[in-house]
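[1] Pasted the sequence and its predicted model underneath.
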Amino acid sequence: MRFIRSYALITVTLATASGLGAQTRRVEYEISFPNAAQHEARVKATFVGVPAGTPLRVRMSRASPGRYAITQFAKNVYDVSATDGRGRTLTITRPDPHGWDI
């Protein structure tokens, strides 16, 4: 059996709830493989309907379906960036090894 390590570059875009209606909340993903030979994926997540002024907490699972073992998937995530709906850079903090606060 061959183990393949995957890496992810993540870009997060936040679109606030102002003008969208408070009930409209969704996440849209765009995934590409610009460096497939190195098992890298670029994931762009757009969070629509995030209430203005509210921090977004993004977390990665620490387990796989059907397994009890704890894994650290987030350790292979790098180059994380975040912008608001107007393209302005947002501050990202890392409160724990498997999550980000934006």
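    Great, that's in hand.
[2] now the strands for this structure?
    Applying DSSP state E to the chain gives strands spanning 7-16, 26-35, 40-50, 57-59, 77-84, 93-96, 99-101.
[3] could you check the angle strand 26-35 makes with the third one?
    Going back to what we said before, that points to strand 40-50. Orientation check (axes from the mean of the first three to the mean of the last three Cα atoms, to 10 degrees): strand 40-50 against strand 26-35 gives 160 degrees.
[4] Just checking: what are the partner strands of strand 40-50?
    Its sheet considered, strand 40-50 pairs with strand 7-16 (parallel), strand 26-35 (antiparallel) by DSSP bridges.
[5] These: lowest mean pLDDT?
    With a mean of 55, strand 7-16 has the lowest mean pLDDT of those.
[6] what's the neighbour count on Asp84?
    Residues within reach of Asp84, counting by other Cβ atoms under 10 Å, total 16. Glycine gets a C-beta too; all of them are placed from N, C-alpha and C.
[7] what do you get for the one 10 residues further on?
    By other Cβ under 10 Å, the residues close to Arg94 number 11.
[8] so what's the residue lying closest to it once chain neighbours are set aside bridging to?
    Counting by Cβ to Cβ, 6 or more residues apart in numbering, Trp100 is the residue found nearest to Arg94 once chain neighbours are left out, at 5.8 Å. According to DSSP bridges, the residues that bridge with Trp100 are Val58.
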